[in-house]
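Enquirer: Turn this into a model:
(chains A and B)
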Amino acid sequence: MTVKLGIPSKGRLMEKTFDWFAARDITLRKSGSDREYAGAVDGIDGIELVLLSAGEIPRELDAGRIHLGVTGSDLVREKLSAWEQRVIEVAKMGFGGADLIIAVPNAWIDVDTLDDLDAAAAAFRAHHGFRLRIATKYHRLVRDFLRENGVADYQLIDSQGATEGTIRNETAEAVADITSTGETLRANGLKILNDAVIHASQATLFRGRRVSWTTDMRATYKALQSKIDG
Amino acid sequence: MAHGAAVTDADYMQQSDLLLDLYGEDIRARAFTTQDPVRGELMLRPDFTVPIVQHHMASGADPARYTYMGKVFRKQDRIEARATEFVQVGFEIFDGSDPAAADAEVFATFAGILRDVPVTASTGDIGILRAAVQGLNTTPARRGALMRHLWRPRRFKALLDRFGGVTPVPETRKALLAQADPMASMPPLLGLRTTQEISARLDALREDLAADPISQGERDLLDALLRVRETSPNALVALRDISVDFPSISQAIDGFAARLEALSARDIDVETLPFEASYGRSSMEYYDGFVFGFAADAGLNMPAVATGGRYDALTAVLGGGKGVPAVGGVIRPALVADLSDHDKGATP
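Expert: Purely as a prediction, here's the structure:
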């Protein structure tokens, strides 16, 4: 049985993944046309390439439909409960770096820390009659972080895109989103809280824990590992 | 389950906005949610407390006592092996005439059911902690902030350290308050939070900066109070000792003493009954007085077999300000059965 390696199917993340493996003498490429989601692997035997959306890779790893997968460490933590029991980090790949942070309007001159956010949330709830809304798509990570840090009187609002715009549209008061340069946040009049880096994410090669590996697959994995370790 | 209690039931699906408002975002991690095109977001009932209180407030009966049995539903995000649906049997008393007697009746009812089951009781009293915080010699805003985080021990400690001058004022805040008029250089406003709210918070921060720290003596007393963990009679003595320097808790301790007498009257052996001042602090925040639980040996890694407590404030929130003193608890029959089997296996 072949080892199925899932990687992001398009964009910079895919290209960087190709580069990362190429630097380790493994050539990954799309077979057929550029629009076709099928791939080929040269330089190592027994590995089959599967092209997937980065967001689906955690779930596919967990289900055992792929054995290895490249995706953001943020997505694994968000999409898998007790992720350490489901996947193993094989290698941090050093690209696709971005921080999951909490940001509030620049005009909130009184809010720079989680302590401030908590106090502002309490006053906001008393004043407006509902909990301060934080827009995000990272529900699990944000909720766990705020619970851990004892922030109360907030609620999460689901936002799958253009999250920075929710404050201007008055559907949220704060956002929790992923950012690499902070450019989009600044352009939207938002600032990052000092002590609210929820997770520093980067592209990571994961191995699923729950599949039974055959002897052949183990041999393939060992060959791969020696190439990765150089 | 108990004499004179009306058998009550509740809908499986509860409106989620009310539960969210009461419990906060954490409830989404615990309760299963679903969508209805008309009613919006709904939750499979994570417990009976809210619907029973709503039922009581709508019926207007007072005093009243209720019992119920049915399934509740909880996501098990961290411990997969735990049940996501299980039966709870509950008993609640809404009666303000004699709180100590009502506390004792509820506790004794559960203790009676569990008489032959290998569980250990724990008790505590959030009311004593609340009285201690209310009695601190500091600004109402600081007391309010501590009260709000009574159920989040880590944040509570961080606040207490800052109000006590143990941790310094954050640099960002110092710089902000050093400006003659911080509002003058405020960037353009965005979103619902108003200029007045920001300005009000600045006033609160200035007031906080000017306030004297909470004294070492008071912080030590609070620490000593939170560490009390003894048999009930010894705990009573320890608490009375603390109250000499901390008179604000005296009344709450009288309540504790009265409850011990009421428990004795119901044949509970209070001499060995454990009391832990911090008990119930990290669980759901609606309990505000007596709290109790019955747990199996920690090695079995089992959730609590029975839990309960007093929730006077919750009834006020749900009753639009008009509260009724209420105390109650739940038991999980399946865990009782497991423990009884386990016990038979272990001691043939």
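Enquirer: Shouldn't B:Q88 be within a strand?
Expert: Yes - according to DSSP: H, G, I helix; E, B strand; the rest coil, B:Q88 belongs to a strand.
Enquirer: what's near enough to touch it?
Expert: For B:Q88, the contact set (Cβ atoms under 8 Å, 6 or more residues apart in numbering or on different chains) comprises B:D47, B:F48, B:Y68, B:M69, B:G70, B:K71, B:V72, B:V330, B:I331, B:R332. Every C-beta, even on glycine, is put in place using the N, C-alpha and C of the backbone.
Enquirer: what comes up buried for whichever strand or helix holds the fifth one?
Expert: Element membership for B:G70 (DSSP states H and E) is strand B:64-73. Judged by neighbour count using 16 or more other Cβ atoms under 10 Å in any protein chain shown, the buried positions of strand B:64-73 are B:A64, B:R65, B:Y66, B:T67, B:Y68, B:M69, B:V72, B:F73.
Enquirer: now for the residues you listed, which pair is the farthest apart?
Expert: The most widely separated members of those, counting by Cβ to Cβ, are B:A64 and B:F73 (26.2 Å).
Enquirer: I'd like the buried residues of strand B:64-73 written out as TSV, with distance to chain A and pLDDT added.
Expert: Shown next, in TSV, are those (distance: Cβ to the nearest Cβ, whole Å; pLDDT from 0 to 100):
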residue	distance to chain A	pLDDT
B:A64	30	93
B:R65	32	94
B:Y66	29	95
B:T67	32	95
B:Y68	29	96
B:M69	30	96
B:V72	20	96
B:F73	17	96
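Enquirer: Include distance to B:D220 when you put those residues into a markdown table, please.
Expert: Output for the buried residues of strand B:64-73, formatted as a markdown table (distance: Cβ to Cβ, whole Å):
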| residue | distance to B:D220 |
| --- | --- |
| B:A64 | 43 |
| B:R65 | 42 |
| B:Y66 | 43 |
| B:T67 | 44 |
| B:Y68 | 44 |
| B:M69 | 47 |
| B:V72 | 41 |
| B:F73 | 44 |
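Enquirer: of those, closest to A:N169?
Expert: Nearest to A:N169, judged by Cβ to Cβ, of these is B:F73 at 33.9 Å.
Enquirer: pretty sure that closest one contacts B:V87?
Expert: No - under the criterion of Cβ atoms under 8 Å, B:F73 makes no contact with B:V87, lying 11.1 Å away.
Enquirer: that's a helix at B:F292, yeah?
Expert: No - using three-state DSSP, the assignment for B:F292 is strand, not a helix.
Enquirer: excluding its backbone neighbours, what's nearest it?
Expert: B:T123 (4.7 Å; Cβ to Cβ, 6 or more residues apart in numbering or on different chains).
Enquirer: tell me the secondary structure for the one you found?
Expert: Per three-state DSSP, B:T123 ends up strand.
Enquirer: count of neighbours near it?
Expert: A count of nearby residues for B:T123, using other Cβ atoms under 10 Å in any protein chain shown, gives 24.
Enquirer: Check the gap between the closest residue to chain B within chain A and B:R152 for me.
Expert: Closest to chain B within chain A is A:G150: 2.7 Å, counting by Cβ to the nearest Cβ. Note on A:G150: its distance to B:R152, by Cβ to Cβ, to the nearest Å, is 4 Å.
Enquirer: Could you pull out the helices in chain A for me?
Expert: With helices called from DSSP state H, chain A shows them at A:11-22, A:57-63, A:73-79, A:114-128, A:139-148, A:183-187, A:215-229.
Enquirer: Arrange those in a markdown table, one row each, with mean pLDDT, mean neighbour count and distance to B:A210 as further columns.
Expert: Converted to a markdown table, the helices of chain A look like this (pLDDT from 0 to 100; neighbours: other Cβ atoms under 10 Å in any protein chain shown; distance: least, Cβ to Cβ, whole Å):
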| stretch | mean pLDDT | mean neighbour count | distance to B:A210 |
| --- | --- | --- | --- |
| helix A:11-22 | 94 | 16 | 52 |
| helix A:57-63 | 95 | 22 | 50 |
| helix A:73-79 | 96 | 22 | 42 |
| helix A:114-128 | 96 | 20 | 17 |
| helix A:139-148 | 95 | 19 | 30 |
| helix A:183-187 | 92 | 14 | 34 |
| helix A:215-229 | 93 | 14 | 59 |
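Enquirer: how about JSON lines for those helices, with distance to chain B added?
Expert: Formatted as JSON lines, the helices of chain A follow (distance: least, Cβ to the nearest Cβ, whole Å):
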{"stretch": "helix A:11-22", "distance to chain B": "28"}
{"stretch": "helix A:57-63", "distance to chain B": "12"}
{"stretch": "helix A:73-79", "distance to chain B": "12"}
{"stretch": "helix A:114-128", "distance to chain B": "6"}
{"stretch": "helix A:139-148", "distance to chain B": "6"}
{"stretch": "helix A:183-187", "distance to chain B": "11"}
{"stretch": "helix A:215-229", "distance to chain B": "26"}
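Enquirer: Out of those, which is closest to A:S201?
Expert: That would be, of these and by Cβ to Cβ, helix A:73-79, which comes in at 3.7 Å.
Enquirer: Contacts for the closest one next, please.
Expert: A:54-55, A:57-59, A:61, A:83, A:87, A:89, A:92, A:98, A:100, A:138-141, A:178, A:199, A:201-204, A:206.
Enquirer: ok, how many other residues are close to residue 94?
Expert: All of this is about chain A. 11.
Enquirer: could you do chain B instead?
Expert: Neighbours of B:F94 using other Cβ under 10 Å come to 23.
Enquirer: Identify the bridge partners of it.
Expert: Counting by DSSP bridges, B:F94 is bridged to B:A64, B:A326.
Enquirer: Check the contact between it and B:G60; I expect there is one.
Expert: No - B:F94 lies out of contact with B:G60 (Cβ under 8 Å); the separation is 10.9 Å.
Enquirer: picking that back up, residues in contact with the residue nearest to B:F292?
Expert: Per Cβ under 8 Å, 6+ apart, neighbours of B:T123: B:F107, B:S232, B:L273, B:P274, B:F275, B:E276, B:Y279, B:F290, B:V291, B:F292.
Enquirer: do the same with A:L141
Expert: A:D74, A:R77, A:E78, A:L100, A:I198, A:H199.
Enquirer: Now do the same contact list for the fifth one.
Expert: With contact set as Cβ under 8 Å, 6+ apart, A:I198 has these partners: A:D99, A:L100, A:I101, A:I102, A:Y138, A:L141, A:V142, A:F145, A:A176.
Enquirer: Ignoring the adjacent residues along the chain, who's closest to residue 170?
Expert: In the absence of a named chain, this looks at chain A. In space, A:E170 is closest to B:L192, 5.3 Å off (Cβ to Cβ, 6+ apart).
Enquirer: Can you look at chain B instead?
Expert: When the adjacent residues along the chain are set aside, B:P170 lies closest to A:T113, with 5.7 Å between them (Cβ to Cβ, 6+ apart).
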